[in-house]
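Q: Please work out how this folds:
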Amino acid sequence: MRFHAVGKDGGAPVAGAPYVMLLSPELCGWWAMAAFSAQLGAQGYNTVVCTWDGFGEAADEPFPGIGEEAKRVCEWVEKNVPDGLRALVGCGMGGQVAVEALCEDSRCARALMVGDVLCEKVPGTAGSAKLTALAFMMMGAPAAMVITAAMNYDQIQNVMRERLPRVKKRRRYLASQMDGLGIPRALAQQFAESVAVTPRKTASAMTDAVQEWRIPRDISAIRCPVLVTASGLETRPYRDSAKALHAAIKQSKLQVARDLGRNELYLRYPQRGAEEFLTFLGGAGLR
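A: Numbering: from 1, shown residues only. Now for the predicted structure:
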């Protein structure tokens, strides 16, 4: 995983300021939570945004699964924020990873906010991972990577720039995939750049992992304040999943944004998402 810690206005982290880690949905990079990060930075928080292994800037590493990504979150926190995060915030697969991270190490964060977390079977999803991977291929994602760990940032950017025009020509596939993942069109440039260097097998593996994830047996290890959010305009499996997760975490609160769709509270309306988060922290005495 790639971790980016920032302070106010995207600058260096501020000494002594609390940290909040923001975990993006599946098939999204750090850029998906950048606007949310900016909202919290203006309120005096340091934030950490991430990119999943196997995707975009981290495409040189294979995607290891949700549990392994959660362990990497815990390792980063232990090394860089020994006192623990003020909160973990996760959307989609990011929410699944956040739950797993707190099951792995309850000291990782003092609060948890997750949304649009899938933990119930979705009817008719057989083969959807293959379809997602096929869409990535049609958009121009390479079957085999040419990026290596030895490349520096500028070299990786050059590879992205070379492949981006090919992806942009496939706007129909790009737009349909963004709609399916609930990614705002304002992020089209970043999404296209990430797709251009992401292997097809990563898209398939990540989609499978999200759909197969279930509530961990050791979820009782999570004892911090928890806010589970749901989108009222999303399909039933997501709404049922929110209720199931809320029931599994006894001290959690469930909040339904009845006018929003999947991922919108976190990606499309970050100001509203940040307000909900800060209200939650304040109610837990952690603001």
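Q: Contacts only, for the residue nearest to A135 when sequence neighbours are not counted.
A: Of all residues not flanking A135 in the chain, Q177 sits nearest, at 5.0 Å (C-beta to C-beta, 6 or more residues apart in numbering). In short, each C-beta sits where N, CA and C put it, glycine included. Contacts for Q177 (C-beta atoms under 8 Å, 6 or more residues apart in numbering) come out as 132, 135-136, 139, 195.
Q: I'd like those laid out as a markdown table, including neighbour count.
A: As requested, those are exported to a markdown table (neighbours: other C-beta atoms under 10 Å):
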| residue | neighbour count |
| --- | --- |
| T132 | 22 |
| A135 | 19 |
| F136 | 25 |
| M139 | 25 |
| V195 | 28 |
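Q: For the residue nearest to A135, pull up the helix or strand it's in.
A: Take DSSP states H and E as the rule and Q177 turns out to sit in helix 171-181.
Q: in that helix, what's buried?
A: 173-174, 177-178, 181 (16 or more other C-beta atoms under 10 Å).
Q: Just the buried residues of the helix or strand just after it, please?
A: Downstream of helix 171-181, the next assigned helix or strand under DSSP H and E is helix 188-196. For helix 188-196, a neighbour-count test (16+ other C-beta under 10 Å) marks 190-196 as buried.
Q: ok, these vs Q271, which is closest?
A: Q190 (19.2 Å; C-beta to C-beta).
Q: How much space separates the nearest residue to the closest one once chain neighbours are set aside from R166?
A: Leaving aside its sequence neighbours, Q190 sits nearest to W31 (C-beta to C-beta, 6+ apart; 4.0 Å). Look at W31 and R166: by C-beta to C-beta, to the nearest Å, they are 20 Å apart.
Q: before we move on, back to that, if you average pLDDT over the helix holding Q177, what comes out?
A: Averaged across helix 171-181, the pLDDT comes to 89.
Q: Repeat that for stretch 119-132.
A: Mean pLDDT, stretch 119-132: 81.
Q: Mind jotting down where the helices sit in the stretch 51-200 of the chain?
A: Assigned by DSSP state H, counting those that start in this stretch, the stretch 51-200 of the chain shows helices spanning 66-80, 93-104, 128-139, 153-168, 171-181, 188-196, 200-212.
Q: Could you say which of these is packed most deeply?
A: helix 93-104 (a mean of 27; mean count of other C-beta atoms under 10 Å).
Q: any idea of the angle that helix forms with helix 66-80?
A: Orientation of helix 93-104 against helix 66-80 (axes from the mean of the first three to the mean of the last three C-alpha atoms, to 10 degrees) gives an angle of 70 degrees.
Q: residues in contact with helix 93-104?
A: Residues from elsewhere that reach helix 93-104 (C-beta under 8 Å, 6+ apart): 22-26, 33, 52, 66-67, 69-71, 73-74, 88-90, 108-109, 112, 114-119, 206, 209-210, 213, 215-216, 218-219, 221-222, 224, 245.
Q: Just the buried ones from those residues?
A: Buried among these (16+ other C-beta under 10 Å): 22-26, 33, 52, 66-67, 69-71, 73-74, 88-90, 108-109, 112, 114-119, 206, 209-210, 213, 215-216, 222, 224, 245.
Q: What separation do you get for the nearest residue to T207 once chain neighbours are set aside and G67?
A: Leaving aside its chain neighbours, T207 sits nearest to A129 (4.0 Å; criterion: C-beta to C-beta, 6+ apart). Look at A129 and G67: by C-beta to C-beta, they are 18 Å apart.
Q: low pLDDT regions in this structure?
A: Residue ranges of the chain with pLDDT under 70: 124-126, 143-149.
Q: domain parsing for it?
A: 2-120+213-283, 128-209 (automatic domain parsing).
Q: chain center to the last one, what's the gap?
A: In terms of C-alpha atoms, centre = their mean, to the nearest Å, the centre of domain 128-209 is found 16 Å from the chain centre.
Q: now the end-to-end length of that domain.
A: Using C-alpha to C-alpha, to the nearest Å, the gap from the first to the last residue of domain 128-209 comes to 12 Å.
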